[in-house]
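**Q** Need coordinates for the below:
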Amino acid sequence: MRIGGTRLGRGGQLVLAAGVWLAALAATANAQFFGSTQGPDNFTLRPPRDVPSVPPAPTQSLIPPSGNVAPKGPLLPSLPAAANPGAQAHVAPTAPSVPAGQGVLAVSARFGHDLPAINGGLHWRVYRTESNGLPRLVKEEKGAAPSFVLPPGAYVVSAGFGLASVTKAVQVRAEAMKDVFEIPAGGLRIEGRVGDARIPQGQISFDLYKGSQFEPGDKRPIASAIMTGDIVLLPEGAYHIVSNYGDANATVRSDIRVEVGKLTDATINHRAAIITLKLVNERGGEARADTQWSVLTPGGDVVKESIGAFPRVILAEGEYRAIARNDNKTYESEFRVVNGVDREVEVIAR
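**A** Next up is the predicted model:
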């Protein structure tokens, strides 16, 4: 099993766990990973453990191939467990009787040759080319193995599985036919941590890009604002994650690889803390309202600006300078952010 990743950016690292068969995802939707073996480049590779079966979740709408935003909430397709992941995937069930002069196309999908069937999360579209050369959508289904009743002729069938899709030209005849589509795809689920503490949902989000961050080319995200626990379905291959903890400078970039038929869990470790700023007349005093704040690096770069008596800012580990403006006066103080140590920083108005 290949597991790829890299620890990059200020104060962060990536932990990957792969090996859960995506076709068995419904039975292991709440699976946790335990133990660790130290891998190269300071990665921790965590094997999956057996967990009790849970009822499969209902099929959710997945990101269409042309989309660029991951929907909020889990993207969990209803996928029954595969008893033998290496066994030959089953084909579509027997098609119904063929109406006179019509053809029946029964379709199904699998992750690849000798790999499990994809039993949920599929979106099928059937197109026929018009006389003007433009394709026209004639049928659409979201089942695992639908059968399409069609007049004989040439069609184009698209099978979508999240952000992965396969398109195939099909010649329908006046008889029952079966076709199996191979979609080499996998799943990616991401979470963030500071030390051993999981970052709560809503404080962190992830953007996903195709290819390594070091490769030239299009740098637009293929999925944005991915939340903790979302499962994004992707073509197999290399990707990189931009993890944004808060809206200041706690950002980590990491390369990952998605494998066919597998769910990869990526844990992004941030080195950061939550800082609450207060402008007070004396230590432990009451905070002044309507204070304008600027947080700067030692070099003078502005990291975050805000207004209020108790603004909270999530900052990467390091040295900073806080500038407070209140009642036409300016005050400042230096402070240090220690990884995982959330605290108040008081600026004395004198």
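**Q** Scan the helices and strands of this structure for the one with the lowest mean pLDDT.
**A** Using mean pLDDT, DSSP states H and E, strand 37-38 stands out as the lowest-scoring helix or strand of the chain, at a mean of 24.
**Q** Which elements pack onto the helix or strand hosting Leu188?
**A** According to DSSP states H and E, Leu188 maps onto strand 185-194. Applying 3 or more CB pairs under 8 Å, 6 or more residues apart in numbering; DSSP states H and E, we find strand 185-194 packed against strand 204-210, strand 231-235, strand 237-245, strand 250-258, strand 262-270. Bear in mind the C-beta positions are built from the backbone N, C-alpha and C, glycine included.
**Q** and the shortest one, average pLDDT?
**A** It refers to strand 231-235. Mean pLDDT, strand 231-235: 96.
**Q** Taking strand 185-194 as reference, get the angle to it.
**A** 130 degrees (axes from the mean of the first three to the mean of the last three CA atoms, to 10 degrees).
**Q** partners of strand 231-235 in the sheet?
**A** strand 185-194 (antiparallel) (DSSP bridges).
**Q** With just CA atoms, put the strand holding Leu188 into PDB.
**A** Taking Å, rounded to 0.1, in the frame of the first residue of the first chain, the C-alpha atoms of strand 185-194 are listed here in PDB:
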ATOM      1  CA  ALA A 185     -11.500   6.500  -7.600                       C
ATOM      2  CA  GLY A 186     -11.000   6.800  -3.800                       C
ATOM      3  CA  GLY A 187     -12.200   8.800  -0.900                       C
ATOM      4  CA  LEU A 188     -10.500  11.500   1.300                       C
ATOM      5  CA  ARG A 189     -11.600  12.600   4.800                       C
ATOM      6  CA  ILE A 190      -9.700  15.300   6.600                       C
ATOM      7  CA  GLU A 191      -9.500  16.600  10.100                       C
ATOM      8  CA  GLY A 192      -7.200  19.000  12.000                       C
ATOM      9  CA  ARG A 193      -5.500  18.800  15.300                       C
ATOM     10  CA  VAL A 194      -3.400  20.900  17.700                       C
END
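**Q** Off-centre distance for that strand?
**A** Computed by CA atoms, centre = their mean, to the nearest Å, the chain-centroid distance of strand 185-194 equals 6 Å.
**Q** next helix or strand past that strand?
**A** strand 197-198.
**Q** Without its sequence neighbours, what residue ends up closest to the most centrally placed residue in the chain?
**A** The centre of the chain sits closest to Val232, judged by CA atoms, centre = their mean, with a distance of 4.6 Å. Once flanking residues are discounted, Val232 sits nearest to Leu188: 5.0 Å by CB to CB, 6 or more residues apart in numbering.
**Q** Alright, that wraps it up for me.
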